[in-house]
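In: What shape does this take:
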Amino acid sequence: MRITTLLGSAKKKGNTATVLGWVEADLKSHGHAVERIYLNNKSIGGCLGCAKCRENPDEIACV
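Out: Numbers count the residues shown, from 1 in each chain. As a prediction, the model looks like this:
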């Protein structure tokens, strides 16, 4: 199974990353493919409340 982990901490080598590394190591030992994504260097914007998504609910329409 492919598993993606998300690390949102500002410290790439902090306590959260250490614990996540233990979890990833255990998952890998059980034969899973693990990929880590660092969220701290991503530009993630919140909802602007424009309601564009309600025009076509079956499509991604966020501005």
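In: show me what contacts the residue positioned nearest the centre of the chain?
Out: Geometric centre of the chain, nearest residue: residue 6, 3.7 Å, by CA atoms, centre = their mean. The contact partners of residue 6, taken as CB atoms under 8 Å, 6 or more residues apart in numbering, are 36-37, 39. The way it works is simple: take the backbone N, C-alpha and C, and place the C-beta from them, glycine included.
In: in a helix, that's where it is, yeah?
Out: No: if the criterion is DSSP: H, G, I helix; E, B strand; the rest coil, then residue 6 is strand and not within a helix.
In: From residue 61, how far out is it?
Out: Look at residue 6 and residue 61: by CB to CB, to the nearest Å, they are 24 Å apart.
In: For the residue lying farthest from the centre of the chain, which residues are in contact?
Out: Distance from the centre of the chain peaks at residue 55, with 27.2 Å (CA atoms, centre = their mean). Shown in contact with residue 55 (CB under 8 Å, 6+ apart): residue 61.
In: tell me the pLDDT at it?
Out: Note on residue 55: pLDDT of 85.
In: How about residue 5?
Out: 97.
In: could we number from 25 for the rest of this?
Out: Fine by me, first position is 25 from now on; the one you just mentioned is residue 29.
In: And the helices in the chain, which stretches?
Out: Listed in chain order, the helices of the chain (DSSP state H) span 39-53.
In: which sections of it are below the confidence cut-off?
Out: Applying pLDDT under 70 to the chain picks out residues 87.
In: got the phi/psi numbers for the residue farthest from the centre of the chain?
Out: phi -70, psi -40 (degrees, to the nearest 10).
In: any idea how far it is from residue 69?
Out: For residue 79, the distance to residue 69 - CB to CB - is 19 Å.
In: ditto for residue 28
Out: Distance from residue 28 to residue 69, by CB to CB: 21 Å.
In: Identify the residues contacting residue 85.
Out: Per CB under 8 Å, 6+ apart, neighbours of residue 85: 76-77, 79.
In: again, 6 Å this time
Out: For residue 85, the contacting residues are 76-77, by CB atoms under 6 Å, 6 or more residues apart in numbering.
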